[in-house]
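Asks: Sequence and predicted model, in that order:
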Amino acid sequence: MLDRLDQQPPDALLALIKLHDADSRADKIDLGVGVYRTDDGATPVFASIKAAERKLVAEQDSKAYLGPEGDMGFVHALVPFIFGADSPLTSRIEGMQTPGGTGAVRLALALARRAGVTRVFMGTPSWPNHAQIVADLGMELVGFRHAAPDGTADLDALKTALANARDGDAVLLHGCCHNPTGIDFSEAQWDEIASLLAASPVLPIIDLAYQGLGKGMDEDAYGTRTVLAAVPQALIAYSCDKNFGLYRDRVGALYVMAPDAGDLNRILSNGHALARAAWSMPPDHGAAAVRLVLEDAELTANWLAELQDMRSRIGQVRAALAEAGLAGSVDLTPYGRQFGMFAMLPLDKLQIDTLRSDHGIYMAATGRINVAGLTMDNLPKFIGAIAAVSDP
Ligand code: LMR
């Protein structure tokens, strides 16, 4: 029976990790999968997380099962950071822990499907796993252009797409730090999106996977908070994989905003049932460490300072790219106006392959780079290599 299974290609993004590891060149540059790197190219564990982990080891007295909802202390501790300290909406919001941001997106879409959603509208390009999850759930994906030719987010494309929406549709939006383009909706655009969604039958699903890595914790939540203030219901897929540096520990959460607080138990019970059938319960360790950070004012301040350092370094790299101006035929100036870890280079497959073979520079085949993989040391090499492959 199992011989009916066709060979599948490895996930293109995750395969880059192994390709880069196997390259013995000392000056190779990894711009593939989205992990933050310091100016030395390292991805260290946050000091605030290390401190919380020490506390966890000392104090945790049982690893007995929790439930499909995971660590609700963790889920609730994040609420003021995501939705705002005094948001009146929080009485209509409840969440549950998920295995990473992917688990949160998967659960959000599975819950939407259970509620009768069959079509998902999404700006493209997007994080490749979005489309894979939609397809795996047997839902239809309706794409629209995310970025306009002038390098801003294409609100008109979203408007046109939503004009055809009906009951049974959802729209999947990136809360901030758009993956892969780095091109976010402006605050004025979010205001319009919120009004648009308020008058639409579409269920908003917001993927907030990079809060704090763009402009700031509150600034990066502007779109999410503005949409939530306007619509009756929404799903929010949250990830701590990047902003707490917990990648492989898989720390995420799904939040539901219901039309009425009294609906939350019923809706979440479906989330619990889906989680039980898929992974039973999420892994505990990373979420418990986040909870301990957020329960301690000093650790929270340390975490926010570490996040600020990451944001500043990404901003410095972006500014340096913009200052470099042209690299061959590639204009690097737009990268200074974008946010988060990712940017798209206008390169073709041959150019991307040549960057890998001749220069040891690894990036996604789509042209996406992880800006955080660039350092003040490797920037000149990177810019020179882009010039070399793109010079007409
Ligand atoms: C990425 O886009 O590189 C990250 O979100 C990691 C992943 O799981 O793809």
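Replies: In hand now; what should we look at?

Asks: Can you show me the strands along this protein?
Replies: For the chain, applying DSSP state E gives strands covering 29-30, 93-99, 119-124, 140-145, 169-174, 203-208, 234-239, 251-257, 326-327, 330-331, 342-344, 361-362, 368-370.

Asks: Redo these as a markdown table? Include mean neighbour count.
Replies: Every C-beta, even on glycine, is put in place using the N, C-alpha and C of the backbone. Below are the strands of the chain laid out as a markdown table (neighbours: other CB atoms under 10 Å):
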| stretch | mean neighbour count |
| --- | --- |
| strand 29-30 | 24 |
| strand 93-99 | 26 |
| strand 119-124 | 21 |
| strand 140-145 | 16 |
| strand 169-174 | 25 |
| strand 203-208 | 25 |
| strand 234-239 | 26 |
| strand 251-257 | 28 |
| strand 326-327 | 16 |
| strand 330-331 | 17 |
| strand 342-344 | 23 |
| strand 361-362 | 24 |
| strand 368-370 | 27 |
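
Asks: what would those strands look like in CSV with distance to the ligand and mean pLDDT?
Replies: What follows is those, written out as CSV (distance: least, CB to the nearest ligand atom, whole Å; pLDDT from 0 to 100):
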stretch, distance to the ligand, mean pLDDT
strand 29-30, 11, 96
strand 93-99, 12, 98
strand 119-124, 15, 98
strand 140-145, 18, 98
strand 169-174, 11, 98
strand 203-208, 10, 98
strand 234-239, 8, 98
strand 251-257, 11, 98
strand 326-327, 23, 96
strand 330-331, 21, 96
strand 342-344, 7, 98
strand 361-362, 12, 97
strand 368-370, 7, 97
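
Asks: Figure out which of those strands is closest to Ala385.
Replies: Closest to Ala385 of the strands of the chain, according to CB to CB: strand 361-362, at 5.6 Å.

Asks: Pull up the pairing partners for the closest one, direction included.
Replies: In the sheet, strand 361-362 lines up against strand 29-30 (parallel) (DSSP bridges).

Asks: Columns distance to Thr354 on top of the strands of the chain, output as CSV?
Replies: Formatted as CSV, the strands of the chain follow (distance: least, CB to CB, whole Å):
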stretch, distance to Thr354
strand 29-30, 14
strand 93-99, 37
strand 119-124, 26
strand 140-145, 28
strand 169-174, 30
strand 203-208, 33
strand 234-239, 33
strand 251-257, 37
strand 326-327, 14
strand 330-331, 14
strand 342-344, 18
strand 361-362, 9
strand 368-370, 15
